[in-house]
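**Student:** sequence first, predicted coordinates after that:
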Amino acid sequence: MSPKRNPKTRRNVLQTMAGIGTASIGATGMIGSVNGESESVVTALNEDSVTYTDDATDSETGGDPYGEGEFKTTLASGIIKYRGVWRPSIDAWEFDYSLSGITENRFTDDNSPAERMWWQEAYVNKSDATNFDALYTRDDSNWVGVKEGSGNSPVDYSSYDNVKTAASIALGVLNPAAGTAYAVSDFVEDLIHQWYQRNRVSTKWYFDTTAGPDDHHTGHYFKLRAELNKGNRVIFDINDIAAAYGEHVVSNKFSIISYGSTTTPNSLSTQERRQQGIRRVTPSDRFELAGQYPRLVRKLDEEDGPIYVSTKPRTKIVHKGSEVPEHVREEIKSGPGTRRGLPGDSKSQRHRHH
């Protein structure tokens, strides 16, 4: 039976307090000149900054390789771009991006779980950048994490606001699309730090075992960073992909463009920085930032000196629909193989749970 696809997308531009989430903006009083600036750092960031997010869902319905009927695979993806930070120690802009992709598999006749997940991946394709080292991720729980069934020892992701925000965006579109009611807290509690495969900046997690698939609801969190010299830009695509047993492949592809400033921020005057949408932040601002901008506090601690924060958008995110790369098609064609068990083998029979 030919797969039936149902792509859906919507775009959000969220004003934020902490560079993440959907928190409302609160008023902050003027406190006079601070480090040569005419207003408090929180006031400047609150008034001028927006955080761009995008989300999308893709679904596919088709036959079950185990003969249990049809099931629907749904993938919901949420992506966040954070405000850029110029770090004098590396003489470059840092742009951070977070992606969360969450899946659900359900039989169409009774809506029972279909334990058919095969793998998920975040496939990054650089279109234009100074060099590939300017775009990277890390093997760290604050950068990658995966949810797969039960029986794993979870990492404490509850303090990672960036993870919770990315997941909340994805769950916000998954629940109505798949008819579920998952909570962000449950997703965060189930996340583990698990590094399966990495090819430069792309990541991939397999959810099946040698006995076949045994998960119907999976997800992952993925953070990457671009470092740009003055006047440079980075253009790349990130494709959130999920594959279920049979030939169920769903994806949400986004194109991202980020620009650095044409001049080194620390060489500009206060007025010039203001005109270009750049704010100087110093260690003396740390206390004021602590409650609303913990991410910038961490940047200050890493830098041990002033940093320069973009208060105007320097990144554009565009949803490009659903696209299955050739390497995914080839793996689907080749099948799980003996490494993971073939559908129909006695060891890999899977029956639905009612």
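**Tutor:** Sure, I can see it.
**Student:** the closest residue to S310 other than its chain neighbours: how many residues sit nearby?
**Tutor:** Closest residue to S310 apart from its sequence neighbours, by CB to CB, 6 or more residues apart in numbering: G84 at 4.0 Å. Glycine gets a C-beta too; all of them are placed from N, C-alpha and C. A count of nearby residues for G84, using other CB atoms under 10 Å, gives 25.
**Student:** so where's the stretch 151-300 of the chain shaky on pLDDT?
**Tutor:** Scanning the stretch 151-300 of the chain for pLDDT under 70 picks out 151-152, 196-200.
**Student:** strands along that one, start to end?
**Tutor:** Using DSSP state E, counting those that start in this stretch, the strands of the stretch 151-300 of the chain run over residues 197-199, 202-206, 218-228, 233-244, 248-259, 278-281.
**Student:** how about those, which one is nearest K164?
**Tutor:** K164 sits nearest to strand 218-228 of all the strands of the stretch 151-300 of the chain, at 9.5 Å, using CB to CB.
**Student:** pairing partners for the closest one, with directions?
**Tutor:** Strand 218-228 has the following strand partners under DSSP bridges: strand 92-107 (antiparallel), strand 135-136 (antiparallel), strand 144-148 (antiparallel).
**Student:** off-centre distance for the longest one?
**Tutor:** This means strand 92-107. 2 Å (CA atoms, centre = their mean, to the nearest Å).
**Student:** next secondary structure element downstream of that strand?
**Tutor:** strand 117-128 (DSSP states H and E).
**Student:** run the chain-centre distance for that next one.
**Tutor:** 11 Å.
**Student:** ok, stretch 260-268 next?
**Tutor:** 28 Å.
**Student:** now stretch 266-286
**Tutor:** 29 Å.
**Student:** so for that stretch, what gets flagged as buried?
**Tutor:** Of the residues in stretch 266-286, L268, R273, R274, Q276, G277, I278, R279, R280, V281, D285 count as buried by neighbour count, 16 or more other CB atoms under 10 Å.
**Student:** also stretch 41-58?
**Tutor:** Within stretch 41-58, the residues that count as buried by 16+ other CB under 10 Å are 41-46, 48-49, 51-58.
**Student:** from the residues you listed, which is closest to Y182?
**Tutor:** T57 (13.7 Å).
**Student:** helix or strand for the closest one, which one?
**Tutor:** Here T57 sits within strand 51-63, counting by DSSP H and E.
**Student:** bridging residues for the residue nearest to the spatial centre of the chain?
**Tutor:** The centroid of the chain falls nearest to L99 when counting by CA atoms, centre = their mean (0.7 Å). Beta bridges link L99 to I79, F222, judged by DSSP bridges.
**Student:** isn't it right up against F236?
**Tutor:** No: in this structure, L99 is not within contact of F236 by CB atoms under 8 Å, at 12.0 Å.
**Student:** can you redo the strands paired with strand 218-228 as a markdown table with mean pLDDT?
**Tutor:** Listed next are these as a markdown table, based on pLDDT from 0 to 100:
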| stretch | mean pLDDT |
| --- | --- |
| strand 92-107 | 94 |
| strand 135-136 | 87 |
| strand 144-148 | 90 |
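**Student:** output the ones you listed as TSV; include the columns distance to W205.
**Tutor:** As requested, the strands paired with strand 218-228 are exported to TSV (distance: least, CB to CB, whole Å):
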stretch	distance to W205
strand 92-107	10
strand 135-136	18
strand 144-148	5
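**Student:** what's the closest of these to T263?
**Tutor:** Relative to T263, the nearest member of those by CB to CB is strand 92-107, separated by 11.7 Å.
**Student:** show me the contacts for the closest residue to I241 other than its chain neighbours.
**Tutor:** Ranked by CB to CB, 6+ apart and with sequence neighbours excluded, the top spatial neighbour of I241 is S251, at 4.5 Å. Listed by CB atoms under 8 Å, 6 or more residues apart in numbering, the contact set of S251 reads D58, L75, N239, D240, I241, A242, S322, E323, V324.
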